[in-house]
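1. got a predicted model here, sequence first, then my questions.
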Amino acid sequence: MKREFSPAVEEGLTRGARAFGIVLGPRELEAFFLYYQELLRWGERMNLTALKEEKEVVFQGFLDSLVLNLAYDFSQGAQVIDLGSGAGFPAIPLKICFPLLPYTLVDSNHKKFSFLKHISRLLDLNNMEILWTRAELLAEKQRYREAYDVATARALGSLTEVGTQSYPFLRTGGLLLAPRGGQEEPVILPGFISLQSLPYRLPEEERGRQILVLEKTPPVKN
C-alpha cells in the first residue's frame, strides 16, 4: 500500500514546515500520511472537513496548523488548549511534531470527538486530553480555569467568539493564537491586548493570511 504523499506535495510540506521552524523526518511524514488517509476514510461517513484533495489537506490543513510555531515556539513546552478541535487542526499536526507538548482538545460534536480519539491512538499521541463537551461547560470546572499558557482555535467563528471562549482557560499573560484571513484587521477584545499580527502565505496560494497574537490581561479591579 502506498504510504507516502506525491513528491510535489511532500516537498511542499517539508519546505513549508522548515520555513515555520520545524524539521520533518520520516516519522513525522509517515504520521502525516496516516492522518491524511484517516481523514479521507472517516470523511466518507461524516463531515469532518471541507478539505478533500491531497494538496488541500496538506497545505490548508497541516501547514496552516504548523504555521502557529511562528507565533509561539512549541518546542519550549506549554500547557495548550484547542477549542473546537473538529478534524484536529491545528492540534494534531502540532502534536505530531512536538510529541511531548501537553495539549487539551475540546469539541462538542461526538463524531468528531470519536475521530480525535481514534487518530490519537493510531498515531500514539500521548500527553493529550480529548474532551467531548462545550467550552462554556468546561469553563465551569475549576481545574481547567486559568490552567493554560496558550489557546488555539480555528473553527469557532468570529474573533470575538474565539476570545470570549478562550478567556476563562488562559492564565494572565497567556496567549491566544488566532489564524485569520489576510484582510481581517485586529480588533479590540475585552480582556486581551493585541501583541502582533504575523503575515504568512501557504504554498500555491495567492492570498496571504495572518496569525493574530493576543495576550490575556489581568482582570480589572473595581
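-> That came through fine.

2. show me what contacts the spatially most central residue of the chain?
-> Central residue of the chain (CA atoms, centre = their mean): residue 90, 1.9 Å from the mean position. Each residue near residue 90 by CB atoms under 8 Å, 6 or more residues apart in numbering is listed here: 64, 65, 66, 68, 82, 152, 154, 179. Glycine gets a C-beta too; all of them are placed from N, C-alpha and C.

3. grab the nearest non-local neighbour of it.
-> With sequence-adjacent residues excluded and distances taken as CB to CB, 6 or more residues apart in numbering, residue 90 is closest to residue 65, at 3.2 Å.

4. how far off centre is the longest helix along the chain?
-> When the chain is parsed with DSSP state H, its longest helix is helix 26-43. How far helix 26-43 lies from its chain's middle: 16 Å, per CA atoms, centre = their mean, to the nearest Å.

5. show me what that helix is packed against.
-> When contacts are defined as 3 or more CB pairs under 8 Å, 6 or more residues apart in numbering; DSSP states H and E, helix 26-43 packs onto helix 7-19, helix 91-97, helix 110-122.

6. which parts of that helix are buried?
-> Neighbour-count burial for helix 26-43, counted by 16 or more other CB atoms under 10 Å, picks out 28, 29, 31, 32, 33, 35, 36, 38, 39, 40, 42, 43.

7. quick one: it to helix 110-122, angle?
-> On the basis of axes from the mean of the first three to the mean of the last three CA atoms, to 10 degrees, helix 26-43 is oriented at 150 degrees to helix 110-122.

8. look up how far residue 4 lies from residue 15.
-> 16 Å (CB to CB, to the nearest Å).

9. and residue 56, by the same measure?
-> Plainly put, residue 56 is 18 Å away from residue 4 if you go by CB to CB.

10. in the chain, where's the longest strand?
-> The residue-count maximum for a strand in the chain (DSSP state E) belongs to strand 170-181.

11. following the chain onward from that strand, which element is next?
-> Next helix or strand after strand 170-181 toward the C-terminus (DSSP states H and E): strand 192-200.

12. any weak-confidence spans in this structure?
-> Applying pLDDT under 70 to the chain picks out residues 1-3, 155, 182-187, 221-222.

13. again, only this time at 90
-> Across the chain, the ranges flagged by pLDDT under 90 are 1-4, 43-52, 76-77, 154-161, 179-190, 196-197, 201-209, 218-222.

14. note down every partner strand of the longest strand of the chain and its orientation.
-> strand 148-153 (parallel), strand 209-216 (antiparallel) (DSSP bridges).

15. with distance to residue 137 added, can I get those strands in a markdown table?
-> Listed next are those as a markdown table, based on distance: least, CB to CB, whole Å:
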| stretch | distance to residue 137 |
| --- | --- |
| strand 148-153 | 16 |
| strand 209-216 | 20 |
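
16. residue 51 is nearest to which of those?
-> Minimum separation from residue 51 across the strands paired with strand 170-181 (CB to CB) falls at strand 209-216, 15.0 Å.

17. tally of neighbours for the closest residue to residue 146 other than its chain neighbours?
-> Closest residue to residue 146 apart from its sequence neighbours, by CB to CB, 6+ apart: residue 171 at 5.0 Å. When counting by other CB atoms under 10 Å, one arrives at 14 neighbours for residue 171.

18. good, we can wrap up now.
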